[in-house]
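1. Provide a 3D model corresponding to the input given below.
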Amino acid sequence: MVDWTGKFAYQQVADDLRRRIAGGEFTESGQLPSLAQLQKTYEVTVTVARAAIRQLTTDGLAVSHQGKGAFLTPDAGSAAQSADPVGIVTELRKQVEELRTELGELRQRVAALEGS
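-> Below is the predicted model of the structure:
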């Protein structure tokens, strides 16, 4: 899965996990995949898998408990979305559409008031 993109392998894994967190993939259990699962899924070394989890903990998306694994923080989903450029664009598009709707409603109200 890790490609030659100019980004470190651990950053690529962390970015993908961040996207998956933003998509709500781990919210039911709250637990991230184990290091062994990350190694297998992304075909990386344990060092890369550890560094990816460490990046998520540094970003405040997860907490790690030795011997138990890494778990999402309570606000991990929203934090991941704000850290993910695609998530930011999606959220901005949603807000713009809401503003357009409100503006249309306000224009109708003003027209109605001016017609009175």
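2. Quick check: mean pLDDT of the longest helix anywhere in the chain?
-> Ranked by number of residues, the top helix in the chain under DSSP state H is helix 85-115. Mean pLDDT, computed over helix 85-115, is 86.
3. Just give me how far it sits from the chain centre.
-> What separates the centre of helix 85-115 from the centre of its chain is 25 Å, taken as Cα atoms, centre = their mean, to the nearest Å.
4. Check which helices and strands it sits against.
-> The contact analysis (3 or more Cβ pairs under 8 Å, 6 or more residues apart in numbering; DSSP states H and E) places helix 85-115 against helix 9-22, helix 76-83. Using the backbone N, CA and C atoms, a C-beta is placed for each residue, glycine as well.
5. Could you pull out the buried residues of the longest one?
-> When burial is assessed from 16 or more other Cβ atoms under 10 Å, helix 9-22 yields the following buried residues: 9-19, 21-22.
6. Redo the residues you listed as a markdown table? Include pLDDT and distance to residue 106.
-> As requested, the buried residues of helix 9-22 are exported to a markdown table (pLDDT from 0 to 100; distance: Cβ to Cβ, whole Å):
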| residue | pLDDT | distance to residue 106 |
| --- | --- | --- |
| 9 | 94 | 50 |
| 10 | 94 | 48 |
| 11 | 92 | 44 |
| 12 | 93 | 45 |
| 13 | 95 | 46 |
| 14 | 94 | 43 |
| 15 | 90 | 40 |
| 16 | 92 | 42 |
| 17 | 94 | 42 |
| 18 | 90 | 37 |
| 19 | 88 | 36 |
| 21 | 90 | 37 |
| 22 | 86 | 32 |
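7. In TSV: the helices and strands packed on helix 85-115, plus distance to residue 3.
-> Supplementary listing: the helices and strands packed on helix 85-115 in TSV, determined by distance: least, Cβ to Cβ, whole Å:
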stretch	distance to residue 3
helix 9-22	7
helix 76-83	20
